[in-house]
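show me the folded form of this:
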Amino acid sequence: MVLRSEILVNKNVLPTKEQALPGRETPMALPAEHYVNGNPLLGPFPGNVDFAIFGLGCFWGAERRFWQREGVFSTCVGYAGGFTPNPTYEEVCSGLTGHTEVVLVVYEPEKVSYKELLAMFWELHNPTQGMRQGNDIGTQYRSVIYATNPTQLEQALHSRDVFQAELTKAGLGTITTEIEEAPTVYFAEAYHQQYLAKNPEGYCGIGGTGVTCPI
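Okay, the predicted model is just below:
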C-alpha cells in the first residue's frame, strides 16, 4: 500500500481514488470575461463554436499560445483527469488529486480546425516525457488530450500515430500522452486565468521538440 506521505515524496505516482484528497462541492469563482479578448469565459458562446481540451505542461504558457491563435474564441485553464472535485492549485501540486493542468479551448471550426489545434498541441511541447514537462516534474504536468466527441477522439489517435512516426525519424522517444474521452474539467482559480497577460514576465515552460506534425 502506498501511503500519502510516500506520494508526496514521489510526485510521479498517481494516487488511487482512495488516496486522493476529498476536495469540495463549490467550484472556483471566475470572472465573466476573458482578460485578453473580452469574450465570455464560461459562456454563453456563439452556436458555431466547439471545445477542445489539452494538457501540455504548465497551463500558463499553454493557454497563451492558444488564445493567440486565430479562430480561438475563448480559453480557460483548469484541472482534469483525477479524482478530487474542485481542487485548489496547492492540492493539485501536492500530487494527491490525480489531475493534470489543462486548457479548455473554445474555437470556431470554420476559422481553425481541430486538426490544426492538434498540430499546435504536438509541436508546442515534448509528449514523450511521462509525468513531467521539461523541468516541471509531477503528475500535474503530464501530456493529455481529452476528446469532447468521437470525431475528436479518432483524429487525436490518428495524429498521435502520425507524430510518433516523425519523432521516431528524429531519434526521439515514445509518446506518453493520454488520449481519452473528456472527463470533468474543474476550473482553476481566477488568478491563473490568462495569467501571462496579467503577468507578462511570468514563467512560461512551453517548449517543443522542433519536430513538425504533418497533419
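
in the longest helix along the chain, what counts as buried?
The single longest helix within the chain, with elements called by DSSP state H, is helix 150-169. With burial defined by 16 or more other CB atoms under 10 Å, the residues of helix 150-169 counted as buried are 152, 153, 155, 156, 159, 160, 163, 164, 166, 167. (Each C-beta comes from the backbone N, C-alpha and C, glycine too.)

not counting its neighbours along the chain, what's nearest the fifth one?
Think residue 159. In space, and not counting its chain neighbours, residue 159 is closest to residue 118: 4.5 Å by CB to CB, 6 or more residues apart in numbering.

show me where this structure has its strands.
Using DSSP state E, the strands assigned to the chain run over residues 50-55, 72-80, 100-107, 132-133, 136-137, 144-147, 178-181, 185-187.

check which helices and strands the third one sits against.
With contacts defined as 3 or more CB pairs under 8 Å, 6 or more residues apart in numbering; DSSP states H and E, strand 100-107 has these neighbours: strand 50-55, helix 59-67, strand 72-80, helix 114-124, strand 144-147.

closest to residue 29 out of the ones you listed?
For the helices and strands packed on strand 100-107, the distance to residue 29 is smallest for strand 72-80, at 13.1 Å, taking CB to CB.

okay, now the sheet partners of that closest one, with direction.
With DSSP bridges as the test, strand 72-80 is paired with strand 100-107 (antiparallel), strand 185-187 (antiparallel).

ok, back up a step: format the helices and strands packed on strand 100-107 as CSV; extra columns: distance to residue 44.
Listed next are those as CSV, based on distance: least, CB to CB, whole Å:
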stretch, distance to residue 44
strand 50-55, 13
helix 59-67, 19
strand 72-80, 11
helix 114-124, 22
strand 144-147, 22
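
select, out of these, the one closest to residue 174.
Using CB to CB, the nearest of the helices and strands packed on strand 100-107 to residue 174 is helix 114-124, at 13.7 Å.

residues of that closest one that come out buried?
For helix 114-124, a neighbour-count test (16+ other CB under 10 Å) marks 114, 116, 117, 118, 119, 120, 121, 122, 123, 124 as buried.

show me what contacts residue 54?
62, 66, 102, 103, 105, 117, 121, 144, 145, 146 (CB atoms under 8 Å, 6 or more residues apart in numbering).

would you mark the buried spots in stretch 103-110?
Across stretch 103-110, burial judged by 16+ other CB under 10 Å covers 103, 104, 105, 106, 107.

same question, stretch 36-49
Buried residues in stretch 36-49, defined by neighbour count with 16+ other CB under 10 Å: 36, 39, 40, 41, 42, 49.

ok, now which ones touch the fifth one?
Spelled out, that is residue 42. Neighbouring residues of residue 42 by CB under 8 Å, 6+ apart: 30, 32, 76, 187.

check those and tell me the two furthest apart.
32 and 187 (12.8 Å).
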